[in-house]
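K.L.:
pasting the sequence and the predicted model now:
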Amino acid sequence: MSRYNQDQLTDNIILMLKKKLMKEYSKGNTKRDAHAKCIGLLKAYFIVDKNLPDEYKVGIFNEYKTYPAIIRVSNSNPKIKSDKYRDFRGFSIKVLNVHGNKCTNDEKYTQDFLFINNEIMPIGTLKLFHDVIYYTTKLNPIMLGTKFLFNGNFKAIINSLKNMKHETSPLDVKYYSTTPYMFGDKKVKYALIPKSVYKSTLPRKFTSNYLTCNMQKHLKANEAVFDFMIQIQTNDKEMPINDASVKWDEKKAPFIKLGQIKIPVQVFTTKQRYDLAEILSFSPGHSLLDHRPIGDINIARIKIYEEMSKFRHNRNKKDLFEPNESYFNSFD
């Protein structure tokens, strides 16, 4: 895809999303255009493994170190809906106190890692992402389904929708970046693998906020742990950069552990946490150059996320906010 076409599609997406939000939130209090519902905002620690081989000592993994981090756990739906509905979950990590040259300048000392609990992004190309927004906001979703049926994307989307489940807890499931990033001179995808001793159970009756309740029950007396993994691209054709709907074969490119996410015992169901969750901004562009996002979708996401964050904050009369370690230590 030419740079002109990529920029044109990106600008069209931003325009359509802004119009959509202006219509849906005509009276203000504008939410995110995706992942609107925050299940919980968690204090965490991002811990780089000791004694990593030199080939993995890249960027944030350059030395054994523990970083403070903030994690926003969310439902992926663009509207705030009950946890009774099946959905994908988002797991956005903002690592704090990270120094070095960054992809964008809107945050200076953070490193964001963005995940969902699905191995692929069903809408895997920038053109398809544009078409989904176009058909669902300007035309008819049925026409979108017909288009997918004829262009071969329908099966991939149906298979992914089957992966929408009623999880026991967001702390019990695997997460994937779905899109690729650089890792020094390598191209990689990320994954989080749950390692907690404590496991939640499904409630007898699903409630609108049962995921929050189960997560809080877990963290009331037990920490949560995830292994942080990378998967290194070994074949350009079988592991494409510009189609996030293609799963990279784990047999040909196994995941490698580089660190852990530890989420300590805490009470997160507070007004302060939910208020902070609303003003935080996450982006693939909040990244060291060593971990810079690559591929058409990621490059578009940098601009889309930045523009939509500014738009949302402006409509809500809120300033953009970059949390630091001092703030991390101060909030309950």
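P.N.:
Received, thanks.
K.L.:
doesn't residue 131 belong to a helix?
P.N.:
Yes: with DSSP: H, G, I helix; E, B strand; the rest coil as the criterion, residue 131 is part of a helix.
K.L.:
buried residues, stretch 43-61. List them.
P.N.:
Going by neighbour count (16 or more other C-beta atoms under 10 Å), the buried part of stretch 43-61 is 43-48, 52, 56, 58-61. C-betas here are computed from N, CA, C, even on glycine.
K.L.:
narrow those to those in strands?
P.N.:
Those of the buried residues of stretch 43-61 mapping onto strands are 43-48, per DSSP state E.
K.L.:
hey, where'd the helices end up in the stretch 201-332 of the chain?
P.N.:
Here the stretch 201-332 of the chain has its helices, by DSSP state H, counting those that start in this stretch, at 210-221, 271-279, 296-315, 325-330.
K.L.:
export these to CSV and tack on distance to residue 21 and mean neighbour count?
P.N.:
Shown next, in CSV, are the helices of the stretch 201-332 of the chain (distance: least, C-beta to C-beta, whole Å; neighbours: other C-beta atoms under 10 Å):
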stretch, distance to residue 21, mean neighbour count
helix 210-221, 24, 19
helix 271-279, 14, 15
helix 296-315, 7, 19
helix 325-330, 27, 12
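K.L.:
in this protein, which helix or strand is least confident?
P.N.:
Least confident helix or strand, the chain: helix 141-151 with a mean of 56, by mean pLDDT, DSSP states H and E.
K.L.:
ok so, going back, looking at the helices of the stretch 201-332 of the chain, which is closest to residue 33?
P.N.:
In terms of C-beta to C-beta, the element of the helices of the stretch 201-332 of the chain nearest to residue 33 is helix 296-315, at 5.7 Å.
K.L.:
touching the closest one from outside, list them.
P.N.:
1, 6, 9-10, 13-14, 17-18, 21, 25, 28, 30-33, 103-104, 106, 121, 124-126, 129, 179-181, 242, 244, 279, 281-285, 293, 319-320 (C-beta atoms under 8 Å, 6 or more residues apart in numbering).
K.L.:
just those: which are in strands?
P.N.:
Reading strands off the contacts of helix 296-315 with DSSP E, I get residue 181.
K.L.:
now the buried members of the contacts of helix 296-315.
P.N.:
So, by 16+ other C-beta under 10 Å, the buried ones in those are 6, 9-10, 13-14, 17-18, 21, 30-33, 103-104, 106, 121, 124-126, 129, 179-181, 242, 244, 281-285, 293.
K.L.:
can I get the helix of greatest length in the chain in CSV, CA atoms only?
P.N.:
Using DSSP state H, we find that the single longest helix of the chain is helix 3-24. This file holds the C-alpha atoms of helix 3-24, laid out as CSV (Å, rounded to 0.1, in the frame of the first residue of the first chain):
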residue,chain,number,x,y,z
ARG,A,3,2.0,6.0,1.7
TYR,A,4,-0.6,8.2,0.1
ASN,A,5,-3.3,5.5,0.3
GLN,A,6,-2.4,4.7,3.8
ASP,A,7,-2.6,8.3,4.9
GLN,A,8,-5.9,8.8,3.1
LEU,A,9,-7.4,5.7,4.7
THR,A,10,-6.2,6.8,8.1
ASP,A,11,-7.6,10.3,7.8
ASN,A,12,-10.9,8.9,6.6
ILE,A,13,-11.1,6.6,9.6
ILE,A,14,-10.4,9.5,12.0
LEU,A,15,-13.1,11.6,10.4
MET,A,16,-15.7,8.8,10.5
LEU,A,17,-14.9,8.0,14.2
LYS,A,18,-15.2,11.6,15.2
LYS,A,19,-18.6,11.9,13.5
LYS,A,20,-19.7,8.7,15.1
LEU,A,21,-18.7,9.9,18.6
MET,A,22,-20.2,13.3,18.2
LYS,A,23,-23.5,11.6,17.3
GLU,A,24,-23.4,9.1,20.1
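K.L.:
thank you, goodbye.
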